[in-house]
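J.: here is my input; please provide its structure:
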Amino acid sequence: MTDRPSLKNPKEYPNDGVLLRHLGKTKVVWDEFVDEIFTTFPSMTLEWRFYNDGKSWLSKLVYKKKTMCWISVWDRYFKTTFYFMDRHAKDIRALKIDTNLKTRFLSEKSIGKLRPLSVDVKTKKVLGDVFILIIYKSELQ
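T.: Numbering: from 1, shown residues only. Modelled structure (predicted):
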């Protein structure tokens with residue numbers, strides 16, 4: 001596994017073939033993730049863009065002009081990263097997500113007023129936690 005996102009070629013848009021090459025067997029999990037988003041949250045969009053600062057492609061899940069999470073593709077998995085304010089820590093602790101995610105979130109250093117919560121998505125099982133976080137974030141004012 002690499003310690004940086006995999007999609008580094010600015011001229012290679014992350015289409016299905018590119019995603020399959022980088023995700024391998026995890027591509028079926030990606031497909032389920034995308035299908036579930038567009039089925040359950042039809043007003044949300046996935047927007048791919050190449051970012052020069054990180055020298056890689058990232059996708060953001062957007063709902064009503066608000067970024068729900070950032071998605072990066074790594075070697076054989078993808079990562080969703082949510083950003084929450086410190087005042088949301090109590091709510092995050094109460095969510096029915098993996099305890100390790102809560103612990104990691106609470107130990108993360110804030111970046112400005114925001115604290116990251118990243119989920120490494122390697123199996124379908126983890127998608128439940130991701131969707132709980134998407135729902136929670138979409139309901140925040």
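J.: for the residue nearest the centre of the chain, give its distance to residue 11.
T.: Residue closest to the average C-alpha location in the chain (Cα atoms, centre = their mean): residue 80, at 1.6 Å. Applying Cβ to Cβ, to the nearest Å, the value for residue 80 to residue 11 is 25 Å. C-beta: built from backbone N, CA, C; applies to glycine.
J.: now residue 35
T.: Distance, residue 35 to residue 11, by Cβ to Cβ: 28 Å.
J.: ok, residue 137 touching residue 64?
T.: No - using Cβ atoms under 8 Å, residue 137 is not in contact with residue 64; the gap is 11.3 Å.
J.: the more surrounded of these two?
T.: Shown here are residue 137 and residue 64; by other Cβ atoms under 10 Å, residue 137 has more neighbours (19 against 8).
J.: circling back to that earlier point, mind pulling up the pLDDT for the residue nearest to the centre of the chain?
T.: pLDDT recorded at residue 80 is 98.
J.: verify the stated contact: it with residue 121.
T.: Yes - the pair residue 80 and residue 121 qualifies as a contact (Cβ under 8 Å) at a distance of 6.3 Å.
J.: hey, what's in contact with both of those two?
T.: Common neighbours of residue 80 and residue 121 (criterion: Cβ atoms under 8 Å, 6 or more residues apart in numbering): residue 130.
J.: sec struct for the residue nearest to residue 108 when sequence neighbours are not counted, please.
T.: Leaving aside its sequence neighbours, residue 108 sits nearest to residue 115 (Cβ to Cβ, 6 or more residues apart in numbering; 5.1 Å). Secondary structure for residue 115, judged by DSSP: H, G, I helix; E, B strand; the rest coil, is strand.
J.: and residue 85, what are its bridge partners?
T.: residue 114 (DSSP bridges).
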